[in-house]
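*Asks:* after the sequence you'll find the predicted model.
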Amino acid sequence: MALFLFMGSTRKVKSLSEVILLSILMLFVWTRSDMWSRSLWINETDTMSYAVHGIEGFGFGYGGYIFSLHILLDTFGEIDFAFKGLSLICSALTMIIIYQISEENFGYGTGLISSFIFVWSAYSIEFGMQVREYAVHSFVMMLITMWCFRVSRGQIESEANLPDKYSFMASFGVWYVSVHWFCMIYLFLLFASYFCSYIACRKLNDSDGSSRFPRVILPPMITMLCILSLQIISMVEGIYNSIEGEHHLGGGSVPLVILPPLEFMSKISSGSVVLSLLILIAVFVGVLGAFNDIKKKTLALENVLIITILLVWTILCISQYQLHGLIVERYFYFWFPILCVFSGSTFSKICAKIDAFASDSKKKIGKLFPYFAILTIFISVDITPESTYYGSMREAFEMVDDEVGESEFSIISRPPKHILDYYLEQFELEPEFVIGAWHINELDKDAISDLDSEVIVVMALQGGWILEESRPILEESGYVIDPDLFQEEGDTVWVWRK
Amino acid sequence: MTLILKSRNDIMRAWVISFALCITFFIVLSQLFDIRSLPSIVSVTLLFAITMSDDLSYFKMDKILNGGKEPIFGGLFSASLIFEIFRQSEGFWPSIFWMDLIFLFMLSVSICFVKAENGISWEFGLFMVSISGIIDSILRAIDQYQSLSSLGIFRVIVWGALCFGMIYAHPIVREKRDIGILVGSIIGFISYVGMVTGRTRFVGESFAIPNEILSIIFAYVVIVFPWLIVSMLSKRLVYSNNSAISF
């Protein structure tokens, strides 16, 4: 209810009912998606291992999200839906914030379209429920964005221009998301946009310099700069590793993953030409709006912010040809909620144009325009997310559980042990040894030759070199491969017996 | 703060009663709970409450109150010192923190006396010490060396409450609140680090500062400190100019 603070009562009731309907639709559609019911994949169990052990590194190593997962893990144990549920709830809250930002800044009716774009999108369904930072961090960053919009419109004014509890909470939000570099880039661009719009307005309108910079926004800005300055060295190191062909955290070679700009666009718009056009128009209108603003001696925050989206999209498109392992469609997700806001605003601008030209009797048609927009998006968007390359880790462990029974067993795997721990705990499996590695050069072959368990399980999750490396050693030790193997969506499990 | 000093007997009575109460309190707490930092948490909270309260009649303890606040602090500190020496002689650590805290108290009060002509009072010193005590004892309570070793929701609530408590703190030294919290927090962190690494202890080994505590300290520093610094600077401008501030 606090989100609807700045609305009139009639509008509030209508908005509330729209939000409730959208939330029900979202929960209904999203929980029927394959992304909800499928098992966690290796990146997600990697995150879960951080929730148990923490991340190495000074200070910001334990991110707020890791703390949250740790609490959930403590409370519920290894239950997939507890962690996916957190992401789903945060996505639903993000949808509400999208609605609110749109209504407050772009006029009545925009919120419904913007939030519907978010709900009815394969892109948000794919990333909005993963046990990764995407959903939770997006929610926190959208809260900060909404707060920035309110400050920029003068809706929040603290006593004597002093930092208030909201700026404290914004600082907390900045810290919460600080573990992800792309979130820091988002926040940097958000605050930079705010600062640019303030400076431009002040230069254009306020030559005597009497306007006051809202000090409420300074604490989160300082927090962001402090964290960014500490991370900058590791960021540069990560870029260097990526250019050299390694994973950005180092450790071995990774393939160059290229998503051509048009495919990238298609991914964001869930294959919808209508939505692609809408996004392009929104960006075009925003850039044009920035030029118009300068002529009118103002500069709205939204018009600077939309330029930063264009900037990030372009940089991601270009840099992926040089940086190994940079998977652009994932990291752009942090900008997706605000892109939904801007896409919805395009409709509102079209509605305003129709209203301006239409006679009074035809103005009713303009009011129906949002519903026409929703219908168009509903028809044109394919909401089935691309889920095949996430693997089926839970099913792989079900097979292991069935195969090993009461026998003593060991595991040889790609990836390393900490990725497997989550499902080992869930299935209460206790292998004698787990020998795992991300890269061939990290595999301990001597340890494999020392194995003496009744059953050896070889697991290749999202990568198939492990069998080729371990096969000769296991054959030499007298193990025979079971002809029945588990194979599904990039995950393969072989069982060897003595 | 109004000080009510009636007679030497009142002062002595206040001191003895506080001393006896605190000693009993620590012994009972340490017997009842396995959490070694619990006495320090409770006593620091008590100290903080006494420092913050304008009117001691809230406690309804006339015999103590007649002596004023100073004997109560004296009784509390003395009891803590004796208890700490006893615990450390038994090899316990990290127990309560008063050894380092008393030193810090003396240091801060001395500084305040030196700067008394600038309007800095001994209450401000006490406020700083209370803040440092709270920070120090809470860190000790939630680190992995205590029985609350799993980083569960309790720790997050405690630390979250502390962070938010700091921005809502309205002490008697209100105009200097921000600098008191800032300096007190730094002293608290130093005190904790000294205790864990063994630099301010008589007994026990040296331990590493846990990563999660480093992370908590880091979070506190980057969230609370910028807020306090901006607030402090803004207030200074507001109070000194009492006019519109241009950035």
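*Replies:* Cool, got the structure.
*Asks:* may I have the phi/psi pair for residue A:39?
*Replies:* Phi and psi for residue A:39, reported as degrees, to the nearest 10, are phi -80, psi 170.
*Asks:* wait, it sits on residue A:394?
*Replies:* Yes: look at residue A:39 against residue A:394 with Cβ atoms under 8 Å: they come within range, at 3.0 Å. To be clear about C-beta, it is placed using only N, CA and C from the backbone, and glycine gets the same treatment.
*Asks:* who touches both of these two?
*Replies:* Common contacts of residue A:39 and residue A:394 (Cβ atoms under 8 Å, 6 or more residues apart in numbering or on different chains): A:80, A:423.
*Asks:* check the stretch 351-498 of chain A for the residue nearest chain B and tell me.
*Replies:* Nearest to chain B in the stretch 351-498 of chain A, going by Cβ to the nearest Cβ, is residue A:425, at a distance of 15.2 Å.
*Asks:* mind listing what that residue touches?
*Replies:* A:77-78.
*Asks:* what strand or helix carries it?
*Replies:* Per DSSP states H and E, residue A:425 falls inside helix A:417-426.
*Asks:* tell me the buried residues in that helix?
*Replies:* A:417-424, A:426 (16 or more other Cβ atoms under 10 Å in any protein chain shown).
*Asks:* tell me the helix or strand right after it.
*Replies:* Sequence order places strand A:434-436 as the next helix or strand after helix A:417-426, per DSSP H and E.
*Asks:* packing partners for that following strand?
*Replies:* Judged by 3 or more Cβ pairs under 8 Å, 6 or more residues apart in numbering or on different chains; DSSP states H and E, strand A:434-436 is in contact with strand A:409-414, helix A:417-426.
*Asks:* how does it look with 10 Å?
*Replies:* strand A:409-414, helix A:417-426, helix A:445-449, strand A:455-461, helix A:465-476 (3 or more Cβ pairs under 10 Å, 6 or more residues apart in numbering or on different chains; DSSP states H and E).
*Asks:* off-centre distance for that strand?
*Replies:* Relative to the centre of its chain, strand A:434-436 is centred 30 Å away, using Cα atoms, centre = their mean, to the nearest Å.
*Asks:* tell me the strands beside it, with direction?
*Replies:* Taking DSSP bridges as the criterion, strand A:434-436 forms sheet pairs with strand A:409-414 (parallel).
*Asks:* what angle sits between the partner strand and helix A:465-476?
*Replies:* 140 degrees (axes from the mean of the first three to the mean of the last three Cα atoms, to 10 degrees).
*Asks:* how big is the angle separating strand A:409-414 from helix A:417-426?
*Replies:* 140 degrees.
*Asks:* identify each buried residue in strand A:409-414, please.
*Replies:* Within strand A:409-414, judged by 16+ other Cβ under 10 Å, the buried ones are A:409-414.
*Asks:* mind picking the two most distant members of these?
*Replies:* A:409 and A:414 (17.4 Å; Cβ to Cβ).
*Asks:* what's the biggest helix in chain B, counting residues?
*Replies:* Counting residues, the longest helix in chain B under DSSP state H turns out to be helix B:211-241.
*Asks:* list the buried ones in that helix?
*Replies:* If you call a residue buried by 16+ other Cβ under 10 Å, then helix B:211-241 has these buried ones: B:211-232, B:234-235, B:237-238.
*Asks:* before we move on, what about stretch A:20-35?
*Replies:* Of the residues in stretch A:20-35, A:22-23, A:26-27, A:30, A:33, A:35 count as buried by neighbour count, 16+ other Cβ under 10 Å.
*Asks:* a markdown table for those residues, including pLDDT and distance to residue A:219?
*Replies:* Output for the buried residues of stretch A:20-35, formatted as a markdown table (pLDDT from 0 to 100; distance: Cβ to Cβ, whole Å):
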| residue | pLDDT | distance to residue A:219 |
| --- | --- | --- |
| A:22 | 94 | 33 |
| A:23 | 95 | 32 |
| A:26 | 95 | 33 |
| A:27 | 94 | 35 |
| A:30 | 95 | 35 |
| A:33 | 92 | 39 |
| A:35 | 90 | 37 |
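*Asks:* before we move on, back to that, what about the helices and strands packed on strand A:434-436, which gets the closest to residue A:381?
*Replies:* Closest approach to residue A:381 among the helices and strands packed on strand A:434-436 (Cβ to Cβ): strand A:455-461, 31.2 Å.
*Asks:* helices and strands around that closest one, which ones?
*Replies:* If contacts are counted by 3+ Cβ pairs under 10 Å, 6+ apart, strand A:455-461 sits against helix A:393-404, strand A:409-414, helix A:417-426, strand A:434-436, helix A:465-476, strand A:486-488, strand A:491-497.
*Asks:* give me that answer again for 7 Å
*Replies:* On a contact count with 3 or more Cβ pairs under 7 Å, 6 or more residues apart in numbering or on different chains; DSSP states H and E, strand A:455-461 meets helix A:393-404, strand A:409-414, helix A:465-476, strand A:491-497.
*Asks:* compute the inter-axis angle for the shortest one and strand A:491-497.
*Replies:* For strand A:409-414 and strand A:491-497, the angle between their directions (the same axes, to 10 degrees) works out to 140 degrees.
*Asks:* outside of strand A:409-414, which residues touch it?
*Replies:* By Cβ atoms under 7 Å, 6 or more residues apart in numbering or on different chains, the surrounding residues in contact with strand A:409-414 are A:420, A:431-438, A:448, A:451, A:453-461, A:463, A:465-466, A:470.
*Asks:* checking my notes, residue A:176 in a helix, right?
*Replies:* Yes: applying DSSP: H, G, I helix; E, B strand; the rest coil, one finds residue A:176 inside a helix.
*Asks:* chain neighbours aside, what residue packs nearest to it?
*Replies:* Leaving aside its chain neighbours, residue A:176 sits nearest to residue A:64 (3.3 Å; criterion: Cβ to Cβ, 6 or more residues apart in numbering or on different chains).
*Asks:* where does pLDDT dip in chain A?
*Replies:* Applying pLDDT under 70 to chain A flags residues A:1-10, A:54-62, A:156-161, A:203-212, A:358-366.
*Asks:* now do 50
*Replies:* By pLDDT under 50, the low-scoring segments of chain A are A:1, A:5-6, A:58-59.
*Asks:* how much space between the residue positioned nearest the centre of it and chain B?
*Replies:* Centroid-nearest residue in chain A: residue A:134, 2.2 Å away (criterion: Cα atoms, centre = their mean). Residue A:134 is 22 Å from chain B, where distance means Cβ to the nearest Cβ, to the nearest Å.
*Asks:* give me the phi and psi for residue A:481.
*Replies:* Dihedral angles for residue A:481 - degrees, to the nearest 10 - are phi -80, psi 140.
*Asks:* give the closest residue to it in space, chain neighbours not counted.
*Replies:* Using Cβ to Cβ, 6+ apart, the closest residue to residue A:481 is residue A:496 (5.4 Å).
*Asks:* and the contacts of the helix or strand hosting residue A:192?
*Replies:* If you go by DSSP H and E, residue A:192 is part of helix A:181-205. Identification of contacts with helix A:181-205 by Cβ under 7 Å, 6+ apart yields A:137, A:141, A:144-145, A:148, A:152, A:174, A:177-178, A:211, A:213, A:217, A:221, A:224, A:227-228, A:231, A:235, A:294, A:297-301, A:304-305, A:308, A:331, A:334-335.
*Asks:* before we move on, the earlier item: just the buried ones from the contacts of strand A:409-414, in ChimeraX syntax?
*Replies:* Buried residues among the contacts of strand A:409-414 (16+ other Cβ under 10 Å), as a ChimeraX selection:
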select /A:420,431,433,434,435,436,437,438,448,451,453,454,455,456,457,458,459,460,461,463,466,470
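*Asks:* before we move on, back to that, quick one: the helix holding residue A:425 to chain centroid distance?
*Replies:* 24 Å.
*Asks:* where does pLDDT dip in chain B?
*Replies:* Ranges of chain B meeting pLDDT under 50: B:1-6, B:96-98, B:112, B:115-117, B:149, B:172, B:243-247.
*Asks:* same thing but 90
*Replies:* The model of chain B has pLDDT under 90 over residues B:1-185, B:187-220, B:224, B:227-247.
*Asks:* excluding its backbone neighbours, what's nearest residue B:139?
*Replies:* Nearest one to residue B:139, counting by Cβ to Cβ, 6+ apart, is residue B:192 at 4.4 Å.
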